[in-house]
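# no sequence on hand, only this structure:
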């Protein structure tokens, strides 16, 4: 087994020397240490990392002082870790060694993958949705950025001085109007967690839920003979069709189709800035379960 060392360094001198010293203390020989320094942009090449990954073989260990010396972000770390797992290479963060073939090592790599997906989801929410959530809640967003230090985002929300509301989501849902026999709702959203939430609410209310991951899949269902009482669609969808386009195409084959758009703060322009056709409504994220249930019942019961 061979130890291969790597570290991302922020400066050419002090930090570079410190990272090489740290790797040496972890048992890596000087001729097997690779570094990149001054490479802080996400699109810059990392020749040192490329050399380190080229040097490791099955059974070897890639040693880094700590996780932020390996990658620029959690998704970046996951990508590197996936490459190590595929080649049977261990990863050492300081003195802790993670072997992808043993249970503890697998757990670490799985946790890293989970965090990467979570961080990617947060990024996809976008600053506009964070800003919208804060403003809708009566709060503010402040961003502080300093060259060479990074950026801090602060979310300020109003403090509640009253009693805590004891009613939970299940109680609210139990009081919501129920579906009529056979009512079916098509849910179009590329986020599995959102589809799961909306589908669970629909099924608890007695509706039959059909899921679609993008506009094309949703439109295929709308063009079929399946009964659809309501279309619930996210506005921002992958694949070239947004939610409004899906709704318009759906109404071309199903005149009068009821539509509920689920949208972020900055996406209201896509659905017409509030100028919607009859039978269309907008529910802005984040939303309460009872609000979702009420909108669904309102749309399915109006002629």
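Ah, there it is. In this text the structure is predicted, and so the values were computed from the model without any measurement. Numbering: from 1, shown residues only.

# residue 34 - that's part of a strand, no?
Yes: with DSSP: H, G, I helix; E, B strand; the rest coil as the criterion, residue 34 is part of a strand.

# run a quick neighbour tally on it.
21 (other C-beta atoms under 10 Å). Glycine gets a C-beta too; all of them are placed from N, C-alpha and C.

# that one and residue 212, how far apart?
When distance is defined by C-beta to C-beta, to the nearest Å, residue 34 is 46 Å away from residue 212.

# which segments of the protein make up each domain?
Following the assignment in automatic domain parsing, the chain carries domains at 3-118, 125-154, 179-301.

# quick check: mean pLDDT across the longest one?
In this case it means domain 179-301. When pLDDT is averaged along domain 179-301, the result is 83.

# off-centre distance for that domain?
20 Å (C-alpha atoms, centre = their mean, to the nearest Å).

# ok, stretch 65-76 next?
Relative to the mean C-alpha coordinate of its chain, stretch 65-76 is positioned 19 Å out (C-alpha atoms, centre = their mean).

# and that stretch, what's buried?
Residues 65, 69-71, 74-75 are the ones in stretch 65-76 that count as buried (16 or more other C-beta atoms under 10 Å).

# next: stretch 207-221.
Taking 16+ other C-beta under 10 Å as the criterion, stretch 207-221 shows 207-215, 217-219, 221 as buried.

# of the residues you listed, just say which sits nearest to residue 297.
Distance ranking of the buried residues of stretch 207-221 against residue 297, using C-beta to C-beta, places residue 207 first at 9.7 Å.

# ramachandran coordinates for the closest one?
Its backbone dihedrals place residue 207 at phi -90, psi 150, with angles given as degrees, to the nearest 10.

# same question for the one 3 residues further on.
In terms of degrees, to the nearest 10, the main-chain angles of residue 210 are phi -120, psi 130.

# give me the element residue 19 is part of.
Following DSSP states H and E, the helix or strand that holds residue 19 is helix 14-25.

# and that helix, how far out from the chain's middle?
With C-alpha atoms, centre = their mean as the basis, the mean position of helix 14-25 lies at 35 Å from the chain mean.
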